[in-house]
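1. Sequence first, predicted model second:
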Amino acid sequence: MFCTKCGTDNKTEAKFCKSCGAGLSAAAASSPAGIGQAGPPPPLTLPVRVSPELTQWLTIGGIALVVLFAGLKVWTAFGPSPHFKLAKKAVARGDWASASSYLEIELQKHEDNAEARFLSGQCQLYLCQQGRADSEFKKLLFKHPDFKERVDALYPKAAEAALAKDDLNCAVMILRQLKDPVAKTAAATQLIEAGVRKAADTPEYESVSNYFVQAGALDPNSAKKAAEKAAELAATRHTAGFTDEACRFAQLAQSLDRGRYSELIGKYCSNYGR
C-alpha cells in the first residue's frame, strides 16, 4: 500500500506509514499517489437543438455564397477587362489611336464582345484605316446583324471628321463605301458644302475644285449641284479680280454639267492665260 502523503510503499496490513507516520487507509490505491484515483468529472455538455427553419436558412445562405463567389470568378474570367473601360473613355474624347490599342487587348481576351468590335471598327474608320475597319465590321455583322444601322451611321460622321481636319482623301475613301443611293446623295452634298467652306478660306482653285469633282464622281445626280456652286465661285472670283481662277471655275462648272455653262467660258475666260 502506498502512502498518499509521501508515496512510500508500505505493507498491506500497515495502519501508519513507516516513513512519515501518516495514517494509511484502505481507500489508498496500490500505486503511487494519485495513480488509479478518479480524476475530475467531465464537463457538463448540454445538447444544442437547432430548429429546421434555421437549418434551412443556413443552407440557403451557404449556397448563395458559393454562387456569388462562382459568379465573381466567371466575371473575372469572361467579363469586360479594364482595357475596355479605358477604350470607351478614349473613344469619348476622340483619342482613336489609344482606344484602338486598348480594344485590341480586349478582343484578344473577349473575342465575342460585340460592342468592343464595333468600337474597334469605328476607331479604324476615324484613323482612315479603311481595310481594317471593313474587316472589323464584317466580323461584327456576321454574328450581330443588328449592329448594321449603327455601322452605317458611322460613315458620314467619320467623313465629316476627316473633312474638319481638311483630309479630303480620307473622307472620300470613307464615303465610297456607301451603298444606299440616298446616303450617297447626302455624302455628295457633304463634299460640296465642305468645298464651299474651303473656298471661303482660300482663292486657290486646286484647293477647292477637287471637292466638287469628288462629289460628282460619288453621286452623278449631285454633279449639277456641284456645277452650280462652281459657277457661283467663278462669278465671285471674277468680281474679286481673280480672273484666272474665275475662268477655271467656269470650266469646272461646264465639265460637271455639260452644255449649261458654256456662256461662262466666253464671259470669264476671254483673257485667261494672257
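-> Here it is on my side, so go on. Residues are numbered from 1 along each chain as shown.
2. Give me the three-state assignment for the nearest residue to Ala230 once chain neighbours are set aside.
-> Spatial nearest neighbour of Ala230, excluding adjacent residues (C-beta to C-beta, 6 or more residues apart in numbering): Ala253 at 3.9 Å. C-beta here means a position set from N, CA and C on the backbone, and glycine is covered the same way. Put simply, Ala253 is helix when judged by DSSP: H, G, I helix; E, B strand; the rest coil.
3. Roughly how far does Ala253 sit from Leu264?
-> Separation of Ala253 from Leu264 (C-beta to C-beta, to the nearest Å) stands at 6 Å.
4. Neighbour count for these two, which is higher?
-> Between Ala253 and Leu264, Ala253 has the larger neighbour count (other C-beta atoms under 10 Å), namely 27 against 22.
5. Just the pLDDT for that one.
-> pLDDT, Ala253: 93.
6. Quick check: it touching Ala223?
-> No. Contact criterion C-beta atoms under 8 Å: Ala253 and Ala223 do not qualify, at 10.2 Å.
7. can you confirm Leu178 is in a strand?
-> No. Leu178: not assigned to a strand; according to three-state DSSP it is coil.
8. what's near enough to touch it?
-> 155, 184, 187 (C-beta atoms under 8 Å, 6 or more residues apart in numbering).
9. Find me the pLDDT at it, would you?
-> If you check Leu178, the pLDDT there is 89.
10. Quick check: neighbours shared by Ala253 and Leu264?
-> The overlap between the contact sets of Ala253 and Leu264 (C-beta under 8 Å, 6+ apart) consists of 231, 234.
11. Any chance of the backbone angles for the nearest residue to Lys15 once chain neighbours are set aside?
-> Excluding its sequence neighbours, the residue lying closest to Lys15 (C-beta to C-beta, 6+ apart) is Leu24, at 5.8 Å. Here is the backbone geometry of Leu24 (degrees, to the nearest 10): phi -100, psi 140.
12. Thr12 is in contact with Leu24, correct?
-> No. Counting by C-beta under 8 Å, Leu24 stays clear of Thr12, with 9.3 Å between them.
13. Comparing these two, which shows the higher neighbour count?
-> Leu24 (21 against 8).
14. mind listing what that one touches?
-> With C-beta under 8 Å, 6+ apart, Leu24 has these contacts: 1, 3-4, 10, 14-17.
15. how about a cut-off of 6 Å?
-> Taking C-beta atoms under 6 Å, 6 or more residues apart in numbering as the contact definition, Leu24 lies against 1, 14-15.
16. Buried ones only from those, please, as a PyMOL command.
-> The following PyMOL line selects those of the contacts of Leu24 that are buried, judged by 16 or more other C-beta atoms under 10 Å:
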select buried, resi 1
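17. nearest to His83, of the contacts of Leu24?
-> Of all these, Met1 has the smallest distance to His83: 87.1 Å, by C-beta to C-beta.
18. Correct me if wrong: Tyr268 contacts Glu245.
-> No. Contact criterion C-beta atoms under 6 Å: Tyr268 and Glu245 do not qualify, at 9.4 Å.
19. list the residues that contact both of Leu24 and Thr12?
-> Met1.
20. The contacts of Leu24 in helices, which ones?
-> Among the contacts of Leu24, DSSP state H puts none in helices.
21. possible to save the contacts of Leu24 as JSON lines with pLDDT and distance to Asn113?
-> Putting the contacts of Leu24 into JSON lines (pLDDT from 0 to 100; distance: C-beta to C-beta, whole Å) gives the following:
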{"residue": "Met1", "pLDDT": "72", "distance to Asn113": "90"}
{"residue": "Ala14", "pLDDT": "79", "distance to Asn113": "96"}
{"residue": "Lys15", "pLDDT": "79", "distance to Asn113": "97"}
